[in-house]
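S.K.: Only the shape, not the letters, is given here:
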């Protein structure tokens, strides 16, 4: 330190040590500039790694074995070539009598469509079973290694390339085996939950913002509301889950279970752990964010617009409804949609509120049990089996696409509204 | 409109204020909407308060704050194993987010051209918009296996607080860097020009003039980031491990406060049991800690935030 000080002193005297030092300082500056840039690149690379690791797990080779070799059913193992009668025979010859009776009760085998029979033979007789999965990188870059491994470990198994995101994945519900599981119920659950969130949080949030920006006097109560909203925005989401559990699931159970509306309590026994409770919990969670965004939008509306309304005799509400809202609605709406797209990804509060752990039926009303996409991702990721990680990755892709399309919708909507806007 | 104007018919001009019931009703509706946020806070305080009160009557606040064991099965309810795990994950999260966030912010505010900044900022926003459960997947399925292959499977557990902390750092990085960048950008140009005029290099201007001038904003950003890390749930629920354990080894599994709440409430839990109420006591601690951090962060900005006009 003292050395630096004396150097500074000699510099001040102008003895020429400034210049030789300059090169060193500039080199030091360049090194740090590179470090700052590197940190930024690292942050971007992390995003790339995140996406890459998900894509890596959502596609790849899958080794499958069957319990009954199709070659024993049809020559060459091609069951497509079998006639309907042969398919029925294959089912009758290989299935347990109890299962056959159950199928017959649903619909007699002889009356079933050919596609239905083929699917039954494939699912129930041949019974594909995943014995090993490989990531996309392994499948593309290390094919030789995969083949060698397969020859040594599972010589019987058939190796197919599989996209874990596929039509069947989107169209089927939860299942005990990864290859049959899908996100259908979760997707419907997510959409229904979010609809409730939007239906409650949008009007209340925008109304609260109008109160705070247009009506509220600067008194202690209104200042308290403002501070309170900022504090609420920082409360961890899991606390909202606890609130939802105590208020919506337990205290308001007659309402959230539907019992109060004559709708007989859900036969599956949801007991307040319903889509309605979940949607309302998320509504409380996004409310502060929607209010803060809407307040900013109203604040951006020029004062002159309001004054000119008052000047021609408009009431306060007429000014708000006919002038302030149309002039700011694009920003209010985009802010609200972005807040809701964040709510779609929320997991923790819904686990606490009581998402079902294994739901194979689609929700039928807002009083049904629920599961959502993020909950499904959580449950599949928490399982130790590799193939459940594959479908978790596939579900993440579905979730990200859903969120991206919502954001894109928000941007398109904003541009549309902006073009129509009467006031700039 | 004018024919509905009563004064126009009578021909007399009245300046008295008219009663406007619709306006009054709307006014009432709006103020009730605004009051819902206060009700939410009240709901949080009351539910956490009453359930925790029931818990503390059975367990005792001294055991809750003093014991190093959390084993509900045998009636041990000491918060420390959970709190310690929360501290550990938050510490490693800040170890990533603090330097990296500040460096990214300095780069964006001081070095990057406008075009680079306009392309990079949306990328960081995307990073901030990804659901936390996806980060949890990333921690468990990618980062932990990578650490295990790097440092050895005996050292690093399948579930560990280190990996959860690192990924949590990545999660809060965009928040920290964007708040820091706002603080740095708010420092007036004249301060920089003054330093340049004295012969300072770009680095010296950034680190010895701009960063100290924006210090309060930076501190607020870090504290807010820390608060986010303490309340973060899904990453630790997936990657940090199940089972409360008091350990300082980041490569061992340990359950955080949030992780414990999610695991227990996700299973079958009967209301009015001590286990159920214990979750509310943990949530109360969590609420108070994050509230204190958030208030501190806002107070720093309000009190020490330098306003350059």
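M.R.: Cool, the structure landed. Note that this is a predicted model, so its numbers are computed, not measured.
S.K.: For residue B:272, which three-state class applies?
M.R.: Secondary structure, DSSP: H, G, I helix; E, B strand; the rest coil: residue B:272 is coil.
S.K.: what helix or strand is residue B:195 on?
M.R.: Using DSSP states H and E, residue B:195 sits within helix B:189-197.
S.K.: Just give me how far the helix or strand that comes right after that helix sits from the chain centre.
M.R.: Where DSSP H and E defines the elements, the next helix or strand beyond helix B:189-197 is helix B:202-205. Here helix B:202-205 is found 31 Å from its chain centre; the criterion is CA atoms, centre = their mean, to the nearest Å.
S.K.: try stretch A:124-135
M.R.: Centroid separation for stretch A:124-135 versus its chain: 28 Å, with CA atoms, centre = their mean.
S.K.: Identify each buried residue in it, please.
M.R.: A:124-126, A:128, A:130-135 (16 or more other CB atoms under 10 Å in any protein chain shown). Just so you know, the C-beta spots here come from the backbone N, C-alpha and C atoms, and that holds for glycine as well.
S.K.: That one - what's its average pLDDT?
M.R.: What stretch A:124-135 shows for mean pLDDT is 76.
S.K.: So which of the buried residues of stretch A:124-135 belong to helices?
M.R.: Assignment to helices by DSSP state H places none of those there.
S.K.: Columns distance to residue B:164 on top of those residues, output as a markdown table?
M.R.: Below are the buried residues of stretch A:124-135 laid out as a markdown table (distance: CB to CB, whole Å):
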| residue | distance to residue B:164 |
| --- | --- |
| A:124 | 42 |
| A:125 | 45 |
| A:126 | 42 |
| A:128 | 35 |
| A:130 | 29 |
| A:131 | 31 |
| A:132 | 28 |
| A:133 | 25 |
| A:134 | 27 |
| A:135 | 22 |
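S.K.: can you count the residues close to the residue of the stretch 151-300 of chain B found nearest chain A?
M.R.: Nearest to chain A in the stretch 151-300 of chain B, going by CB to the nearest CB, is residue B:231, at a distance of 2.6 Å. Residue neighbour count, defined by other CB atoms under 10 Å in any protein chain shown, stands at 24 for residue B:231.
S.K.: and it, what is it in contact with?
M.R.: A:235-239, B:258, B:286, B:290 (CB atoms under 8 Å, 6 or more residues apart in numbering or on different chains).
S.K.: So which of those are in helices?
M.R.: Short answer: those in helices (DSSP H) are A:237-239, B:258, B:286, B:290.
S.K.: got those residues as JSON lines, with pLDDT and distance to residue B:249 columns?
M.R.: JSON lines is the format used below for those (pLDDT from 0 to 100; distance: CB to CB, whole Å):
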{"residue": "A:237", "pLDDT": "93", "distance to residue B:249": "29"}
{"residue": "A:238", "pLDDT": "94", "distance to residue B:249": "26"}
{"residue": "A:239", "pLDDT": "94", "distance to residue B:249": "29"}
{"residue": "B:258", "pLDDT": "93", "distance to residue B:249": "20"}
{"residue": "B:286", "pLDDT": "94", "distance to residue B:249": "23"}
{"residue": "B:290", "pLDDT": "94", "distance to residue B:249": "26"}
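S.K.: Can you tell me the centre-most residue of chain B?
M.R.: The centre of chain B sits closest to residue B:228, judged by CA atoms, centre = their mean, with a distance of 2.0 Å.
S.K.: Secondary structure class of that residue, three-state.
M.R.: Assigned by three-state DSSP, the conformation of residue B:228 is helix.
S.K.: Next: residue B:222.
M.R.: Residue B:222 carries the three-state label helix when classified by three-state DSSP.
S.K.: So it sits against residue B:95, correct?
M.R.: No. Contact criterion CB atoms under 8 Å: residue B:222 and residue B:95 do not qualify, at 11.7 Å.
S.K.: Those two: which is more packed in?
M.R.: When residue B:222 and residue B:95 are compared for neighbours, residue B:222 comes out ahead with 22 against 13, by other CB under 10 Å.
S.K.: show me the contacts for the closest residue in space to that one that isn't next to it in sequence.
M.R.: Spatially, and ignoring its direct neighbours in sequence, residue B:222 is nearest to residue B:98 (5.9 Å; CB to CB, 6 or more residues apart in numbering or on different chains). By CB under 8 Å, 6+ apart, the contact list for residue B:98 reads B:176, B:222, B:225.
S.K.: returning to that earlier point: ok, the residue nearest to the centre of chain B - contacts?
M.R.: Counting by CB under 8 Å, 6+ apart, residue B:228 has contacts B:171-172, B:175.
S.K.: now the helices for the stretch 301-424 of chain A?
M.R.: A:303-311, A:316-319, A:325-344, A:348-353, A:373-382, A:386-420 (DSSP state H, counting those that start in this stretch).
S.K.: Just the buried positions in the first one, please.
M.R.: By that I understand helix A:303-311. Those would be A:306, A:309, for helix A:303-311 by 16+ other CB under 10 Å.
S.K.: can you give me the angle that helix makes with helix A:325-344?
M.R.: Interaxial angle, helix A:303-311 versus helix A:325-344 (axes from the mean of the first three to the mean of the last three CA atoms, to 10 degrees): 130 degrees.
S.K.: Show residues contacting stretch A:310-330.
M.R.: Residues outside stretch A:310-330 that contact it (CB under 8 Å, 6+ apart): A:210, A:214-215, A:294, A:297-298, A:300-301, A:305-306, A:309, A:332, A:413-414, A:417-418, A:421-423, B:20, B:22-23, B:26-27.
S.K.: for the record, mean pLDDT for that stretch?
M.R.: 90.
S.K.: taking the helices of the stretch 301-424 of chain A together, which one is wrapped up most tightly?
M.R.: Highest mean neighbour count of these: helix A:348-353, a mean of 28 (counted as mean count of other CB atoms under 10 Å in any protein chain shown).
S.K.: So is that one next to chain B?
M.R.: Yes. Contact between helix A:348-353 and chain B, assessed by CB under 8 Å from any CB of the partner chain, occurs at A:348, A:351-352.
S.K.: Off-centre distance for that helix?
M.R.: Worked out by CA atoms, centre = their mean, helix A:348-353 lies 14 Å from the chain centre.
S.K.: Give me the mean pLDDT for it.
M.R.: Averaged over helix A:348-353, pLDDT sits at 91.
S.K.: now for that helix, which elements pack on it?
M.R.: helix A:237-244, helix A:275-299, helix A:373-382, helix B:257-266 (3 or more CB pairs under 8 Å, 6 or more residues apart in numbering or on different chains; DSSP states H and E).
S.K.: Now the element after the shortest one, going C-ward?
M.R.: This points to helix A:237-244. Next along from helix A:237-244, by DSSP H and E: helix A:253-256.
S.K.: Buried ones in that following helix, by neighbour count?
M.R.: A:253, A:255-256.
S.K.: again with stretch B:240-258
M.R.: B:240-242, B:244-246, B:250-258.
S.K.: among those residues, which are in helices?
M.R.: Those of the buried residues of stretch B:240-258 lying in helices (DSSP H): B:257-258.
S.K.: where's residue A:159, which helix or strand?
M.R.: For residue A:159, the element it lies in under DSSP H and E is strand A:158-163.
S.K.: by contact count, what packs against that strand?
M.R.: Secondary elements touching strand A:158-163 (3+ CB pairs under 8 Å, 6+ apart): strand A:59-65, helix A:143-153.
S.K.: How far does the helix or strand following it sit from its chain's centre?
M.R.: The first helix or strand that comes after strand A:158-163 along the chain, using DSSP H and E, is helix A:167-171. Computed by CA atoms, centre = their mean, the chain-centroid distance of helix A:167-171 equals 17 Å.
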